[in-house]
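J.: no sequence for this one, just the structure:
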């Protein structure tokens with residue numbers, strides 16, 4: 001299973017110069033997104049410092065029902081205002097706690113099989 005690796009080391013300056021323009025984003029050989037910071041002296045010399053942050057997606061469902069393509073549970077409840085409500089279980093939804101389908105992109109990127117929790121109104 002892939003794991004998230006984070007390396008952070010930065011220096012702070014209290015001058016009036018903007019932070020914009022001092023960060024460079026790129027992808028390394030393994031596909032991870034990296035950000036490098038440039039110090040003011042390095043910017044003048046056009047050299048990179050070795051400060052970087054590595055962001056890598058990882059699966060959030062390591063062992064539950066891995067034989068299924070997508071894990072979706074449905075619960076029938078009498079006191080619901082809508083006939084069907086989907087709740088996010090991938091933690092990627094822009095409308096969290098409601099599901100917006102972000103798990104589809106997450107599953108493709110990580111090989112995970114997480115899906116929403118569906119609450120259904122009993123008829």
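T.: Sure, I can see it. All values derive from a computational prediction rather than experimental measurement. Numbering: from 1, shown residues only.

J.: in the chain, which spans are helices?
T.: 40-45, 102-110 (DSSP state H).

J.: can you tell me which of those helices the model trusts least?
T.: When the helices of the chain are ranked by mean pLDDT, helix 40-45 comes last with a mean of 56.

J.: not counting sequence-adjacent ones, nearest residue to residue 64?
T.: When the adjacent residues along the chain are set aside, residue 64 lies closest to residue 71, with 6.3 Å between them (CB to CB, 6 or more residues apart in numbering). Quick note: C-beta positions are derived from backbone N, CA and C, even for glycine.

J.: got it, and residue 111?
T.: Leaving aside its sequence neighbours, residue 111 sits nearest to residue 59 (CB to CB, 6+ apart; 6.5 Å).

J.: wait, isn't that neighbour in contact with residue 108?
T.: No. Under the criterion of CB atoms under 8 Å, residue 59 lies out of contact with residue 108, with a separation of 11.8 Å.

J.: okay, the two: which has more neighbours?
T.: residue 59 (19 against 10; other CB atoms under 10 Å).

J.: do you know how far that one is from residue 112?
T.: Noted for residue 59: a distance of 4 Å to residue 112, by CB to CB, to the nearest Å.

J.: again, but for residue 96
T.: With CB to CB as the criterion, residue 96 and residue 112 are 17 Å apart.
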